[in-house]
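1. Okay, predicted coordinates and the sequence, questions at the end:
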Amino acid sequence: MPKLNENYLNLKESYLFSEIAHRVSEYTKANPDKKVIRLGIGDVTRPLSENVIAALHEGVDAMASSDTFKGYGPEQGYEFLRNAISEYYKKNGVDVEPKAIFISDGAKSDTGNITDIFGNDNVIMIPDPVYPVYVDSNIMCGRNNIVYISATADNNFLPMPDRSVHADLIYICSPNNPTGAIYNHEQLKEWVDYALENEAVILFDSAYEAFISDPSLPRSIYAIEGAKKCAIEFCSLSKTAGFTGTRCGYTVVPTELVFKASNGKEMSLNAMWNRRQSTKFNGTSYIVQNGAAAVFTDEGMAQCQENIKFYQENAKIIASVLDKKGIRYFGGVHSPYIWFECPNGMDSWTFFDYLLNNAQVVGTPGAGFGENGKNFFRLTAFGGRENTIEAMERFDKLF
Ligand code: MLT
């Protein structure tokens, strides 16, 4: 009999969004005549922009001729895309060399897989609440030395470092999933200083950076001095360009990230991630990378921004009903998520069921993101316009 990875016994029975999908599917089976509106998982609804579609077609055509056909590509991603992303950083005032950029099928995989290059006895600092992949992926490999940092309404869901506590790895998501809270420069500088003092590595998830509309707010951890010595950044085209189904993301591992192994040998995290990806990953498809490169052209960026504005409008529609109801909420400005207190003192799973049964609207219970989320609820602005309006009309009539 094989020995199993019994760390899986320490996980919740199913992944948050699988649990929600299961409950919704049970409900729709029992109520086939009811129109359910899904504002739960942060999945986009707008189609890909025209120039991305054209580039995807171009990629397909390249596969049809022996002169342009592509087999295995570089595991790190094609140079044309790594260069385009490096240029994108430059436009946002940040210098990231193409060599530090690794193309992947999305930030979810990379934030989970990054555990491969770190040892088992690290102290891991994770905000509560936060995107559940960080906790689950560490538990899967038996890393239970997790220090939770409390994000609450009192600190505007932006916990700051406590210098009396040591950490080796620090997860930060800004703009935050699920709360929509975003760190400013000074706050991120404190995190970078803390990481440098502790010789720690920040694992910075910037998947929602394209929603930042205030240019004074940092869109990348590398906007902060010293970050290249202490941070890895994950980003994705899912939310920036509607790639949730197309799949493309990137991870930045600066060459400056070098630490001493226990035998005194210097180890570069860039070289390690390169080794990991070369062994376990065969690259993102050429067709998708060709489409992704179109996102970073001026035309592509303008088209993506139009979609983002559309979602920001949805966020306003959601927020206006919460305002009217006097429900306290966070996010929805530099983020597609609105995070609010469950009405009438309900806990978040009770409210999930209540909303589904009485208004046929699906949201995400805050408890799925951590203990501190147990009385909060998340709605996504990624729905269609009519559905968002209808969902909020139903919500309005509920109380
Ligand atoms: C979410 O709803 O939190 C995200 O869409 C999940 C993800 O990006 O994997």
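-> Perfect, thanks for sending it. Computed from a prediction, not measured in an experiment: that's the story for all the values here.

2. going forward, measure contacts and count neighbours with C-alpha atoms only.
-> Noted.

3. Distance from the chain centre to the longest helix seen in the chain, please.
-> The residue-count maximum for a helix in the chain (DSSP state H) belongs to helix 298-325. When distances are taken as C-alpha atoms, centre = their mean, to the nearest Å, helix 298-325 is centred 18 Å away from the chain's centroid.

4. what about the helix or strand that it is followed by, near the ligand?
-> Using DSSP states H and E, the helix or strand that directly follows helix 298-325 along the chain is strand 329-331. No. If you take C-alpha under 6 Å from any ligand atom as the test, strand 329-331 misses the ligand, and the best it gets is 13.7 Å.

5. Pull the residues that contact strand 329-331.
-> Contacts to strand 329-331, defined as C-alpha atoms under 8 Å, 6 or more residues apart in numbering, come from residues 156, 179-181, 319, 322, 337-341.

6. same thing but at 10 Å, please
-> Applying C-alpha atoms under 10 Å, 6 or more residues apart in numbering, the contact partners of strand 329-331 are 153, 156-157, 175-182, 315, 319, 322-323, 337-342, 376-378.

7. Which residues of this structure lie near the ligand?
-> When proximity is defined by C-alpha under 6 Å from any ligand atom, the chain lies next to the ligand at 41-43, 108.

8. Most neighbours among those, which one?
-> Greatest neighbour count in these, by other C-alpha atoms under 10 Å, goes to residue 42: 23 neighbours.

9. mind listing what that residue touches?
-> 17, 177-178, 238-239, 244, 336-337, 363-364, 378-383.

10. Geometrically speaking, which residue is the centre of this protein?
-> Within the chain, one residue has its C-alpha closest to the average C-alpha position: by C-alpha atoms, centre = their mean, that is residue 207, at 4.3 Å.

11. dump the residue contacts of that residue.
-> So residue 207 contacts 106-108, 173-177, 219-220, 233-240, 249-250 (C-alpha under 10 Å, 6+ apart).

12. so how far is residue 223 from it?
-> Using C-alpha to C-alpha, to the nearest Å, residue 207 is found at 15 Å from residue 223.

13. OK, contacts around residue 254?
-> Residue 254 neighbours (C-alpha under 10 Å, 6+ apart): 96-101, 222, 227-233, 268-271.

14. could you redo the last one with a cut-off of 8 Å?
-> With C-alpha under 8 Å, 6+ apart, residue 254 has these contacts: 96-97, 100, 228-229, 231-232, 269-270.

15. Please apply the same query to residue 248.
-> Counting by C-alpha under 8 Å, 6+ apart, the residues that residue 248 touches are 103-106, 236-238, 284, 288-289, 292.

16. Which residue comes closest to it once chain neighbours are left out?
-> residue 105 (4.2 Å; C-alpha to C-alpha, 6 or more residues apart in numbering).

17. number of nearby residues for the one you found?
-> 23.

18. ok, now residue 230?
-> Residues lying near residue 230 (other C-alpha under 10 Å) number 28.

19. One more: the one 3 residues further on?
-> For residue 233, the neighbour count with other C-alpha under 10 Å is 26.

20. what's the answer for residue 335, then?
-> 30.

21. Could you measure from it over to the ligand?
-> 12 Å (C-alpha to the nearest ligand atom, to the nearest Å).

22. average pLDDT across stretch 190-206?
-> Averaging pLDDT along stretch 190-206 yields 98.

23. So residue 379 belongs to a helix, correct?
-> No. Under DSSP: H, G, I helix; E, B strand; the rest coil, residue 379 falls outside any helix and is assigned strand.

24. just checking, it touches residue 365?
-> No. Between residue 379 and residue 365 there is no contact under C-alpha atoms under 8 Å: 9.1 Å.

25. For the longest helix of the chain, give the mean pLDDT please.
-> pLDDT averaged over helix 298-325 gives 97.

26. same check, this time on stretch 145-155
-> The pLDDT scores in stretch 145-155 average 97.

27. Now it: buried residues?
-> For stretch 145-155, the neighbour count (16 or more other C-alpha atoms under 10 Å) marks 146-151 as buried.

28. So what would you say the end-to-end distance of that stretch is?
-> Terminal residues of stretch 145-155 lie 24 Å apart, using C-alpha to C-alpha.

29. sorry, back to before: could I get the buried residue list for the longest helix of the chain?
-> 300-301, 303-305, 307-308, 310-319, 321-322.

30. The residues of the chain next to the ligand into JSON lines, with extra columns for secondary structure, pLDDT and distance to residue 394?
-> Output for the residues of the chain next to the ligand, formatted as JSON lines (DSSP: H, G, I helix; E, B strand; the rest coil; pLDDT from 0 to 100; distance: C-alpha to C-alpha, whole Å):
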{"residue": "41", "secondary structure": "coil", "pLDDT": "95", "distance to residue 394": "19"}
{"residue": "42", "secondary structure": "coil", "pLDDT": "95", "distance to residue 394": "20"}
{"residue": "43", "secondary structure": "coil", "pLDDT": "96", "distance to residue 394": "21"}
{"residue": "108", "secondary structure": "helix", "pLDDT": "97", "distance to residue 394": "32"}
